[in-house]
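K.L.:
Structure of the sequence below:
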Amino acid sequence: MNTSDKSVVGPSRASRVFSSLSAGGAASPLKRSFWMLEAESPLQACATLQGHAVADVAIIGGGYVGLWTALTIKDISPDTKVVVIEQDVCGGGASGRNGGFVMSWWPKIASLLTFSETQEALFLARASEQAIGEIEAFCGRYGIDAHFRRAGWLWTATSEAQLESWRATIAACERVGEKPFEAVSSDEVALRTGSGVHRSGVLERTNATVQPAALIRGMRRVALERGVLIYENSQVREFTHDCPSVIRTANGEIRAETVVLATNAWAASIPELSRLIVPVNSSIVVTEPVPDRLRSIGWTGGEAITDSQLMVNYYRTTRDGRIAFGKGTGALAFGSAIGSTFSYHEASCSLALQDFRRTYPMLADVPISHAWSGPIDRTYDSLPVFGTLPGTEHVHYGIGWSGNGVGPSRIGGKILASLALRRSDEWSHCSLVERKPKQFPPEPIKYLGGSLVRRAVLRKERREAVDGKARRIDIALARLAPSGLEDKA
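P.N.:
From the prediction side, this is the model:
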């Protein structure tokens, strides 16, 4: 994703954007993820924007959402001149830093039903499941070795407080006539995960895992082959709101009839969008390869796994036998500034490591080879929001992926392509477009209140992890937190 940071709207109706996180900046160096390092050797960065250029559609952000939008536009209208502007390299943001879970929206069916009619909610949930297969087919068609593996997702309980967390979601699925989840016995879930800390669970078979950077690298190649112009290492400093918009970088500018903002958490710097999302930390630790140890504990099926905490633990194995163990720690930055909190946050990485050691105590001697952090652009209900920037008719956005963007970004590309091409179809008119979710408060309440709630959630879940009783004040404050990765009972 494009790593743009602070934005203000001046009298000229221009959004001015400045960066605080870059691959080469001395003040806040970007720590690469294991995924990016593993896929780094063949990388040849695209040219930096120099001078003047024109585009029919300019996309700010070279992550999953931006590239799926570009590719979908080319599918629909091959002659459209599409330009992608990325501050770092494609995937340098959230798209190359996530856990590689390719999930559906079935865990969010209850949230979808709060603003959608039943058939519309079913359309979006089914489309999110279909998107998993579309990503697999895309990789096969273009020879992309993204380590795609459809081994399913285990949604588990690792404490008494988490038992039956999925009950309300399963009930909501049944009310609309769907059964995407299968019950898994306590013995089976312990066996399949390789850890007795898992007490029960349900399985969604359609879900998959990928090597996130390998996927984005393949998408980038295909986009270039299909005539999309990509400028990397080109930080956007300003884009005007008039039409056509002028997008300015340090060394050049692009005049575009349509602009798509695909900047993930960095969109919080744009005043019109700042209260729709809050950037929160998620951190991942990765072990050295231990394929023999994985076989010894029985975790050989390649399942993606999460527990049922709000500060969710999520983990999977890799092709070479590593464990990638992540934790949504919820750490914030004042003013939603994208700095070191979202590159390498030592305290958050330590929380992920502690939970890994608690979950797999038999692997206490296994060394950690990589650790990093990344941003999640969380909405209140953890579903994305699409729309057109107020005061414009040609600047469109899709934000709020909330930690589940690898699969649903495929849908995001369809929605944004339809908006950019001014098409009237099921995507431009779907209920995710111009919806009015609950907003976050302005600063400093956003940071101070969010930090207070985060500490309460952390205390509550630490006690519950050992079957202790959480304090009433922490339970009350935790109820103020935004919805998590799954809708829970």
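
K.L.:
Pull the number of nearby residues for His396.
P.N.:
A count of neighbours around His396, defined by other CB atoms under 10 Å, yields 26. Where you see a C-beta, it was placed from the backbone N, CA and C, and this is true even at glycine.

K.L.:
May I have the host helix or strand of Glu257 as CSV, with CA atoms only?
P.N.:
For Glu257, the enclosing helix or strand under DSSP states H and E is strand 252-261. Extracted C-alpha coordinates of strand 252-261, given in CSV (Å, rounded to 0.1, in the frame of the first residue of the first chain):
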residue,chain,number,x,y,z
GLY,A,252,6.7,14.9,-11.0
GLU,A,253,2.9,15.2,-11.4
ILE,A,254,0.1,13.3,-13.0
ARG,A,255,-3.1,14.8,-14.3
ALA,A,256,-5.9,12.3,-14.0
GLU,A,257,-9.6,12.3,-14.8
THR,A,258,-10.3,9.9,-12.0
VAL,A,259,-8.4,9.2,-8.7
VAL,A,260,-8.7,6.1,-6.6
LEU,A,261,-7.4,6.2,-3.0
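
K.L.:
Tell me how far the helix or strand that it is followed by lies from the chain's centre.
P.N.:
Using DSSP H and E, the helix or strand that directly follows strand 252-261 along the chain is strand 278-287. Mean-position distance between strand 278-287 and its chain equals 11 Å (CA atoms, centre = their mean, to the nearest Å).

K.L.:
How many residues are close by the closest residue in space to Ser186 that isn't next to it in sequence?
P.N.:
Nearest residue to Ser186 in three dimensions, chain neighbours excluded: Ser200, at 5.2 Å (CB to CB, 6 or more residues apart in numbering). Neighbour count for Ser200, taken as other CB under 10 Å: 21.

K.L.:
do the same with the one 4 residues further on
P.N.:
Applying other CB under 10 Å, we find 19 other residues in the vicinity of Glu204.

K.L.:
what residues are up against it?
P.N.:
Glu204 makes contact with Met103, Ser104, Trp106, Pro107, Gly152, Trp153, Trp155, Pro180, Phe181, Glu182, according to CB atoms under 8 Å, 6 or more residues apart in numbering.

K.L.:
what sits against the residue nearest to it when sequence neighbours are not counted?
P.N.:
Using CB to CB, 6+ apart and skipping the chain neighbours, the partner closest in space to Glu204 is Trp153 (4.8 Å). Taking CB under 8 Å, 6+ apart, we find Trp153 in contact with Phe101, Met103, Leu203, Glu204, Asn207, Glu303, Ala304, Ile305, Thr306.

K.L.:
please redo it, this time with the cut-off set to 7 Å
P.N.:
Phe101, Met103, Glu204, Asn207, Glu303, Ala304 (CB atoms under 7 Å, 6 or more residues apart in numbering).

K.L.:
what's the pLDDT at it?
P.N.:
Looking at Trp153, its pLDDT is 98.

K.L.:
can you pull up the bridge partners for it?
P.N.:
Beta-bridge pairing of Trp153 under DSSP bridges involves Glu204, Ala304.

K.L.:
now the end-to-end length of stretch 257-270.
P.N.:
20 Å (CA to CA, to the nearest Å).

K.L.:
buried residues in that stretch?
P.N.:
Residues 257-270 are the ones in stretch 257-270 that count as buried (16 or more other CB atoms under 10 Å).

K.L.:
just stretch 311-324 next, same as before
P.N.:
Using 16+ other CB under 10 Å as the test for burial, stretch 311-324 gives Met311, Val312, Asn313, Tyr314, Tyr315, Arg316, Thr317, Thr318, Gly321, Arg322, Ile323, Ala324.

K.L.:
for stretch 122-142, same thing?
P.N.:
122-125, 127-129, 131-132, 135-136, 138-139.

K.L.:
How about stretch 297-304?
P.N.:
For stretch 297-304, burial by neighbour count (16+ other CB under 10 Å) applies to Ile297, Trp299, Gly302, Glu303, Ala304.

K.L.:
Would you mind listing the residues in contact with the second one?
P.N.:
Put plainly, it is Trp299. Here Trp299 is in contact with Thr193, Gly194, Thr317 (criterion: CB under 7 Å, 6+ apart).

K.L.:
got the residue ranges for the helices in the stretch 351-489 of the chain?
P.N.:
409-420, 445-465, 472-478 (DSSP state H, counting those that start in this stretch).

K.L.:
Look through the chain and tell me its longest helix.
P.N.:
If you go by DSSP state H, the chain has its longest helix at helix 118-141.

K.L.:
which one of the buried residues of stretch 257-270 sits closest to Arg463?
P.N.:
Of all those, Arg463 sits closest to Ala265, with 29.6 Å by CB to CB.

K.L.:
Please determine how far the closest one is located from Val246.
P.N.:
Per CB to CB, to the nearest Å, Ala265 is found 25 Å from Val246.

K.L.:
any weak-confidence spans in the stretch 1-150 of the chain?
P.N.:
Residue ranges of the stretch 1-150 of the chain with pLDDT under 70: 1-13, 16-29, 41-43.

K.L.:
which residue ranges form the helices in it?
P.N.:
34-38, 64-76, 109-115, 118-141.

K.L.:
Show me what the strand holding Glu257 pairs with in its sheet, parallel or antiparallel.
P.N.:
strand 51-60 (parallel), strand 245-248 (antiparallel), strand 395-399 (parallel).

K.L.:
Just the CA atoms of the last one, as PDB, please.
P.N.:
What follows is strand 395-399 as a C-alpha-only set of coordinates in PDB (Å, rounded to 0.1, in the frame of the first residue of the first chain):
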ATOM      1  CA  VAL A 395     -12.100  10.800  -6.200                       C
ATOM      2  CA  HIS A 396     -13.100   7.400  -4.900                       C
ATOM      3  CA  TYR A 397     -11.900   5.400  -1.900                       C
ATOM      4  CA  GLY A 398     -12.000   1.900  -0.400                       C
ATOM      5  CA  ILE A 399     -10.700   1.700   3.200                       C
END
